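**Q** what's the 3D shape of this:
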Amino acid sequence: MTDPLTQWALVGTERQDHIASPPEPLAQSALAKLTDLPLEQRMLLAAGVCGVASTAAGRPLPKSDGDSSPPSANETRPACSAKVARRLEDMLRGHHKELLLEALTLLDGAGLRLPHVLLPLALGVRTPAHRRAVRPVLGERGAWLARINPAWAWVTAGDAPPRDAKDRARENGAPGPDALARAIALAEGVLHFEPPVLTVHPPLRGVGARSFWLSQLLSDIPPSHWTSRFSAGPEVLVRAAEKTEWAAALGEGWTKAALLHQDATWLAELWDFWQRCDEKVVSPAVANAMLVQILQRLPAAEAARCVEPLFGDAKTHIDLSMALCALGTPWPESISVRYIEALHRELRAMSPRWRAILTSLRDAATALSPAELAPALASLGPLATDAGPRALVEFIEVLRIRHELVQEIRP
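**A** Numbers count the residues shown, from 1 in each chain. I've put the predicted structure just below:
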């Protein structure tokens, strides 16, 4: 059965014996406030109100059955400017969507909210990261809409409780207490340290099998265990390991363990180990894989220390573009400054290295520190011409959008 508003539209008000009252509370309210207009015009306006409200709510409006939702509370945050709203709408619709997370974070930091017209789009975001960023800028109206539509229940569902390091280690495959104790007991019978000499006695035959076994054994044991066991820091132990024939196996095992147990002190020392290692001892592919994983887990300041030398000519086992991709975003200011300098230098010289840096532009556009956006535009903007690389033009366009957002979204 069609609702009264639709029936009126299909048949016409003059051809109906009885004009039923629409069941939607919003339609009833609209009709009651338009008594000075002709019935046909009142009907069309009421239908339009219901249509807009249904679109905003993401589903048909509930019928009046005595338990309709209470009205939305008054907003406690001001809406962002119309200019920012247009940018956000573009991002929510998929244009420059890579900037949406940063824009929402800026909006929240400034104590602003999304305008009501953008709420249906914002409530439709799918990824956990975007939902976390959207939730605080929905405002009271967004929370009210979420209670109406079950598909938007994620707004009020809340996040999972924070996990500690032990929880994350267990999720990543760390052994239980009994298995760990057995691994430690076995490993302590294999490794012996009499400063400055580290000796290794794997109980297997065959160098390949023994190396694999040793690496797997060490990968489960927290590296801090060896610091306590041998009363020596990671620098001393890693340097001692380099002098053995088992350097690669020890380095790989300790790296996997430090990643598993998130030991930043050991990871920093192991970064230097993989950068120093001889290609005759460790394959470049293994060294590169270890270095990428280490960068992804290091604190920002320590990661910056590791990456800065890569802008020079020093020997390295990791490509600069791969290292930059592995960094968290936004990049530390020191890395952003070095990147802008290198890009400007290599672009003007059109050196062979420019082609390698060109591959990192897409990631750099969203990763540069907000504090370095203005200097980057001043330095590189004039070089982005139609005659130059298209990737550079797109890079500058993204930087301009980010800079505008930072300038426009202020408390």
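
**Q** so what's the residue most central in space within the chain closest to, chain neighbours aside?
**A** Closest residue to the average C-alpha location of the chain: residue 129 at 6.2 Å, with Cα atoms, centre = their mean. Nearest in space to residue 129, with sequence neighbours left out and distances taken as Cβ to Cβ, 6 or more residues apart in numbering, is residue 101 at 6.0 Å. Bear in mind the C-beta positions are built from the backbone N, C-alpha and C, glycine included.

**Q** could you count how many residues lie near residue 244?
**A** 14 (other Cβ atoms under 10 Å).

**Q** in what helix or strand does it lie?
**A** If you go by DSSP states H and E, residue 244 is not part of any helix or strand.

**Q** now the residue nearest to the centre of the chain: how far from residue 330?
**A** Using Cβ to Cβ, to the nearest Å, residue 129 is found at 15 Å from residue 330.

**Q** and if you look at residue 307?
**A** Counting by Cβ to Cβ - residue 307 and residue 330 are separated by 14 Å.

**Q** could you pull out the strands in this protein for me?
**A** 191-194, 197-200 (DSSP state E).

**Q** outside of the first one, which residues touch it?
**A** I take that to be strand 191-194. 198-201, 226, 230, 232, 237, 240 (Cβ atoms under 8 Å, 6 or more residues apart in numbering).

**Q** what do you get for the last one?
**A** The contact list for strand 197-200, computed with Cβ under 8 Å, 6+ apart, reads 190-193, 214, 237, 240-241, 243-246, 250.

**Q** among the residues you listed, name the buried ones.
**A** 190-191, 193, 214, 237, 240-241, 246, 250 (16 or more other Cβ atoms under 10 Å).

**Q** which single one of these is nearest to residue 95?
**A** Taking Cβ to Cβ as the measure, residue 95 sits nearest to residue 250 out of those, at 49.8 Å.

**Q** leaving out the residues flanking it, which one is nearest to residue 360?
**A** Using Cβ to Cβ, 6+ apart, the nearest residue to residue 360 is residue 321, at 4.2 Å.

**Q** contacts only, for that neighbour.
**A** Here residue 321 is in contact with 356-357, 359-360, 363 (Cβ under 8 Å, 6+ apart).

**Q** please report how far it lies from residue 300.
**A** Distance from residue 321 to residue 300, by Cβ to Cβ: 19 Å.

**Q** before we move on, what about residue 73?
**A** 39 Å.

**Q** okay, domains of the protein per the record?
**A** 4-57, 82-156, 165-297, 312-411 (automatic domain parsing).

**Q** dump the ones you listed into TSV; add mean pLDDT as well.
**A** Shown next, in TSV, are those (pLDDT from 0 to 100):
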stretch	mean pLDDT
domain 4-57	59
domain 82-156	95
domain 165-297	88
domain 312-411	88
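
**Q** the nearest residue to residue 361 once chain neighbours are set aside: what's it in contact with?
**A** Of all residues not flanking residue 361 in the chain, residue 395 sits nearest, at 4.4 Å (Cβ to Cβ, 6+ apart). With contact taken as Cβ under 8 Å, 6+ apart, residue 395 is in contact with 361-362, 364-365, 380, 384.

**Q** most neighbours, which of those residues?
**A** residue 364 (23 neighbours).

**Q** against residue 177, how distant is residue 103?
**A** Where residue 177 is concerned, residue 103 sits at a distance of 45 Å (Cβ to Cβ).

**Q** who has more neighbours, those two?
**A** The residue with more neighbours, out of residue 103 and residue 177, is residue 103; 24 against 7, by other Cβ under 10 Å.
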